[in-house]
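Visitor: below is the sequence, then the predicted model.
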Amino acid sequence: MQPTATSLVPHETPTVSYDTAGSTETARMLRTLIGNLDGMVYRCRDDAEWTMEFVSEGVRRLTGYDASDLLFNKRVSYEQITYPDDRERVRTEMYTGLRAQGRFDCEYRIVHATGEIRWVWERGTGIYDIHGKLQAIEGLIQDITVRKESSQALREAERRYYNLFENAIEGIFRTTTDGQYLDANPALARIYGFDSPAELIAQLKDIRNQLYVEPSRREEFMALAKSRGSVSGFESQVYRKSGEVIWISENARAVFNEGGHVVCYEGTVEDITERKLYQARIEQQANFDTLTGLANRSLLHDRLQQGIRSAAAYGTRLAVVFVDLDRFKFINDGLGHHVGDELLRAMAERLRSSVRDGDTVARLGGDEFVLLINGQRGPDAVALLLERMLHAIAQPWASPQGDFNVTCSMGVALYPDDGASAETLLKHADQAMYRAKEKGRNNFQFFTAELNALITERVELENKLRRALERQQFSLHYQPRVDMRTRRITGAEALIRWHISDEEATPPSRFIPVAEEIGLIVPIGKWVLRAACAQNKAWQDAGLPPFVVSVNVSVRQFRQDNLVQTIAEVLRETGLEARYLEVELTESAVMHDADQFIAMLGELNDLGVQIALDDFGTGYSSLSYLKRFPVDRLKVDRSFVQDIGHDHDDATIVRTIIALGHNLGLKVVAEGVETEQQIDFLRANDCDELQGYYFGRPLPGEEFRRAFLG
Ligand SMILES: Nc1nc2c(ncn2[C@@H]2O[C@@H]3COP(=O)(O)O[C@H]4[C@@H](O)[C@H](n5cnc6c(=O)[nH]c(N)nc65)O[C@@H]4COP(=O)(O)O[C@H]3[C@H]2O)c(=O)[nH]1
């Protein structure tokens, strides 16, 4: 390339002056200096080849060529050594510099004799003749490859980090200690709802008060960062630019200066709102009842444990209240589950609004609720609260089907008075609630020592009853039933006796209801049937005149057992003819489920078994049903017979029952006959059969045979 033909006039022409006496010494000194310089000193022509007229010893280290190779372009010219892509730029920069101030600086690449590319820095000055015409260029060229590469690496690293900063999904920040942003990346701006980092930095001037929903989080954050040096997973609620509240998690560290003072904080921010919402949903599902939003069993348990701990620590009382809606099943079954659900929601709300914030209202399922009332001073305070609740629940509830009056029964157990553990308190509150139900509903009962004694006794009874069959503690007594006119035995009622120990037998009124409740009546009833049939067959086999044996059958036996099949089986096993067995069912039980009983009684009748309605007069028989029941006998309840001599009403009832029975073609038996007077009345009113102490008390089989069958 040809040099541009220009007249380059320097602003300042360098001059060297030295005294002639020291000229030799100075020249030597200069040579030494030049020879030891890190780089190459040169003088070249302003031509297309940059023809070198002088090069210092450094030429070899710089270019890999000897001076003799380069001087006057012997082997290679400096233009050739210059990296081809940089040649034009070098020339331009040199001339620009020379034109402006007579010297230039530039950086470019050369091709080393080994073929390696090296970065060099060159500073040169133009040498001019007296007319200001550029004669030559003199200067220094140094290898700057190492510096160049490291600054390039630095730039590359900077570029990479900048990319990371710019493109990170997490927000990245640097803030001052007094809460202003120094840097923010686009992700942070996005998380906080700003259009750009610049907007965020400009608008968010006070992190403490503008960002955190709870400004004190900023102090907590700074305290942690200062004391530990860093903070991780620091979760807070913050405002976005729009005012929307989100959850963030911050990881950050304090940046200290050499004096150990915090100069700024830097860190990352993650938007964890989704995760928080999900967690909250999961927590809600795990701890709250979906229908009513009240605490569920698991949360109740936690709160109860907590309540006990706190009551123990502060010496206060904690009331555990079991609440059960009265006759909820009636509404739920009668009006449908949808209405039942609405009712539960409404009652849950009434309960919730009757207690304070610190108290707990939980739903255990169905219509069972539990309240935990903290810090009560004693039973009186609890009683006042429960009075209010009874009142609140009893308010009419309006549903599309009309207004309902719902009531509830509640049982209370107090910590520490009635129990120290969650289980005991819940159990005792439940037992007290049952007591409230027994007492006629719509009331509350406190757990008491007497209740505890009753319950303990009942539990013991249950346990013994469960073992009574296998221990063969049951026996049957028989009471005769006689014909009014002939006074001859027409039947015998089998009555169960339980001998827990050698003492007197436990009366059936004490254990039959328990056996019914816990389902034991089914196996016990089967045993009675079998024993009574076997006994009757044995008497017949012994040649005694045949008669009917009556067995009491509980409704639970009908519901839980296939009774007709059981009876058929027992008759087959014992060989007793069906007509010598009579089943006694109480009037109230049959009428309660009349439709269901019609079919079942029909089957029994088909089997040939006789049927008696026991305790007649105490229930409310529907005449239309009575007509359809295939019943053989009505047994007038003992309570009416007792007073027929002096109670006019009872006498009328007995007369009416006898007339009713006869009208329906049934036999009527009077129970509990004890006096001649009663017999006279019953005879006068045409009663068919009699049973009672007057004729004989219930006796064990053998004694019965001796006393009545001869
Ligand atoms: N004061 C008085 N009482 C009299 C007189 N005559 C009979 N009694 C009693 O009246 C009860 C008659 O039985 P129930 O009404 O079926 O009433 C029975 C019956 O409902 C039930 N029960 C007895 N045995 C069984 C059984 O094997 N299965 C079932 N499910 N219940 C039974 O227990 C109830 C009570 O039975 P018990 O205590 O044996 O009482 C018997 C009998 O001893 C009398 O002149 N005066």
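Guide: That came in fine, so what should we check first?
Visitor: what about the one helix or strand residue 190 maps to, distance to the chain center?
Guide: Assigned by DSSP states H and E, residue 190 belongs to helix 186-191. Here helix 186-191 is found 34 Å from its chain centre; the criterion is C-alpha atoms, centre = their mean, to the nearest Å.
Visitor: what packs against it?
Guide: strand 171-176, helix 197-203, strand 262-271 (3 or more C-beta pairs under 8 Å, 6 or more residues apart in numbering; DSSP states H and E). (Each C-beta comes from the backbone N, C-alpha and C, glycine too.)
Visitor: format the ones you listed as TSV; extra columns: mean pLDDT.
Guide: Shown next, in TSV, are those (pLDDT from 0 to 100):
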stretch	mean pLDDT
strand 171-176	95
helix 197-203	96
strand 262-271	94
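Visitor: show me which residues of the chain sit near the ligand.
Guide: When proximity is defined as C-beta under 6 Å from any ligand atom, the chain approaches the ligand at 479, 495-496, 507-509, 512, 525, 528, 552-554, 584, 614-615, 638, 672, 674, 692-693, 698.
Visitor: in the stretch 1-150 of the chain, which residue sits nearest the ligand?
Guide: Proximity of the stretch 1-150 of the chain to the ligand (C-beta to the nearest ligand atom) peaks at residue 150, 103.3 Å away.
Visitor: just the element for that residue, please.
Guide: Counting by DSSP H and E, residue 150 is part of helix 145-167.
Visitor: alpha carbons of that helix, as CSV, please.
Guide: Provided in CSV are the C-alpha atoms of helix 145-167 (Å, rounded to 0.1, in the frame of the first residue of the first chain):
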residue,chain,number,x,y,z
THR,A,145,-0.5,-9.8,24.0
VAL,A,146,-0.7,-10.8,27.7
ARG,A,147,-2.5,-7.6,28.8
LYS,A,148,-4.7,-7.7,25.8
GLU,A,149,-5.8,-11.3,26.4
SER,A,150,-6.5,-10.8,30.0
SER,A,151,-8.6,-7.7,29.4
GLN,A,152,-10.4,-9.6,26.7
ALA,A,153,-11.0,-12.4,29.1
LEU,A,154,-12.3,-9.8,31.6
ARG,A,155,-14.6,-8.3,29.0
GLU,A,156,-15.8,-11.8,28.1
ALA,A,157,-16.5,-12.6,31.8
GLU,A,158,-18.3,-9.3,32.2
ARG,A,159,-20.4,-10.0,29.2
ARG,A,160,-21.3,-13.5,30.5
TYR,A,161,-22.2,-12.1,34.0
TYR,A,162,-24.2,-9.3,32.4
ASN,A,163,-26.2,-11.9,30.4
LEU,A,164,-26.8,-13.9,33.5
PHE,A,165,-28.0,-10.8,35.3
GLU,A,166,-30.2,-9.7,32.4
ASN,A,167,-31.7,-13.0,31.6
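Visitor: which residues does the spatially most central residue of the chain contact?
Guide: The residue lying closest to the centre of the chain (C-alpha atoms, centre = their mean) is residue 286, at 0.8 Å. Residues in contact with residue 286 (C-beta atoms under 8 Å, 6 or more residues apart in numbering) are residue 298.
Visitor: with residue 201 instead?
Guide: 180-184.
Visitor: for stretch 285-304, list every residue counted as buried.
Guide: Within stretch 285-304, the residues that count as buried by 16 or more other C-beta atoms under 10 Å are 287-289, 292, 294-296, 299-300, 303-304.
Visitor: what's the end-to-end length of that stretch?
Guide: End-to-end distance of stretch 285-304 (C-alpha to C-alpha, to the nearest Å): 19 Å.
Visitor: kindly report the same for stretch 177-195.
Guide: 25 Å.
Visitor: can you list contacts of it?
Guide: 165-176, 196-197, 199-201, 203-208, 211, 218, 222, 238, 240-242, 244, 246, 248, 262-266, 269, 271.
Visitor: what bits of the stretch 501-650 of the chain have low per-residue confidence?
Guide: Within the stretch 501-650 of the chain, no range satisfies pLDDT under 70.
Visitor: which parts of it are strands?
Guide: 548-552, 581-586, 610-616, 633-636 (DSSP state E, counting those that start in this stretch).
Visitor: could you pull out the helices for the stretch 351-500 of the chain?
Guide: For the stretch 351-500 of the chain, the helices defined by DSSP state H, counting those that start in this stretch occupy 379-394, 422-438, 449-468.
Visitor: show me what the longest one is packed against.
Guide: Under the contact criterion of 3+ C-beta pairs under 8 Å, 6+ apart, helix 449-468 touches helix 422-438, helix 508-517.
Visitor: measure how the longest one sits relative to helix 449-468, angle-wise.
Guide: To tie it back to what came earlier, the one meant is helix 422-438. Angle of helix 422-438 versus helix 449-468, following axes from the mean of the first three to the mean of the last three C-alpha atoms, to 10 degrees, is 90 degrees.
Visitor: now do the closest residue in space to residue 171 that isn't next to it in sequence, the pLDDT please.
Guide: Closest residue to residue 171 apart from its sequence neighbours, by C-beta to C-beta, 6 or more residues apart in numbering: residue 188 at 3.0 Å. Residue 188 carries a pLDDT value of 97.
Visitor: residue 188 - how many residues pack around it?
Guide: A count of neighbours around residue 188, defined by other C-beta atoms under 10 Å, yields 24.
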